[in-house]
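K.L.:
got a predicted structure plus its sequence, pasted below:
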Amino acid sequence: FDVPMALVTLIDAERQWFKSHHGLDVTETHRDASMCAHAILGDDVFVVTDALRDDRFADNPYVAREPRLRFYAGVPLSIAGGQCVGTLCIMDHRPRLLNEPQLERLRELGRMVQAELDATGGVPTGDQ
């Protein structure tokens, strides 16, 4: 995808933490500022092409300040029973669009992450 940031996130009532991360130095954030918290509400890729032009995110601290996110695309991840608990997401400092083959590739990667979660018996706690 040629993006500088990619995450596997897990989200609880108050925070999101990064099970895996590339391009960010932090390991968790508050849920209030999380684009991933929006992504888990759906069942397909959630895309924000330009966060500065999106009323939901224009004043988000991660958009207004470092890391200055502009683009976000996240695939929801769920546990048995269908509850969405996190995302596989990619992010960039510049606005972007994804074409259908790229969206399908992101979905496929999400299915791979989902398979890993299923194989390990679900979602670990943030303390692990």
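P.N.:
Okay, I see it.
K.L.:
so Tyr72, which state does it fall into?
P.N.:
Per DSSP: H, G, I helix; E, B strand; the rest coil, the local secondary structure of Tyr72 is strand.
K.L.:
residue contacts, Phe46?
P.N.:
For Phe46, the residues meeting the contact criterion (C-beta atoms under 8 Å, 6 or more residues apart in numbering) are Met35, His38, Ala39, Tyr72, Ala73, Gly74, Val75, Pro76, Thr87. Where C-beta positions appear, they are placed from N, C-alpha and C, glycine not excepted.
K.L.:
right, I mislabeled it, should have said Ile40
P.N.:
If you count contacts by C-beta under 8 Å, 6+ apart, then Ile40 has Ile11, Pro76, Leu77, Cys84, Val85, Gly86, Thr87 around it.
K.L.:
as JSON lines, those with secondary structure would be great.
P.N.:
JSON lines is the format used below for the contacts of Ile40 (three-state DSSP):
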{"residue": "Ile11", "secondary structure": "strand"}
{"residue": "Pro76", "secondary structure": "strand"}
{"residue": "Leu77", "secondary structure": "strand"}
{"residue": "Cys84", "secondary structure": "strand"}
{"residue": "Val85", "secondary structure": "strand"}
{"residue": "Gly86", "secondary structure": "strand"}
{"residue": "Thr87", "secondary structure": "strand"}
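K.L.:
what does the pLDDT read for Arg70?
P.N.:
With respect to pLDDT, Arg70 has a value of 98.
K.L.:
what's the burial count for it?
P.N.:
When neighbours are defined as other C-beta atoms under 10 Å, Arg70 has 20 of them.
K.L.:
distance check, the spatially most central residue of the chain against Arg111.
P.N.:
With the centre of the chain defined as its mean C-alpha position, the nearest residue by C-alpha atoms, centre = their mean is Cys89, 3.5 Å away. According to C-beta to C-beta, to the nearest Å, Cys89 stands 15 Å off from Arg111.
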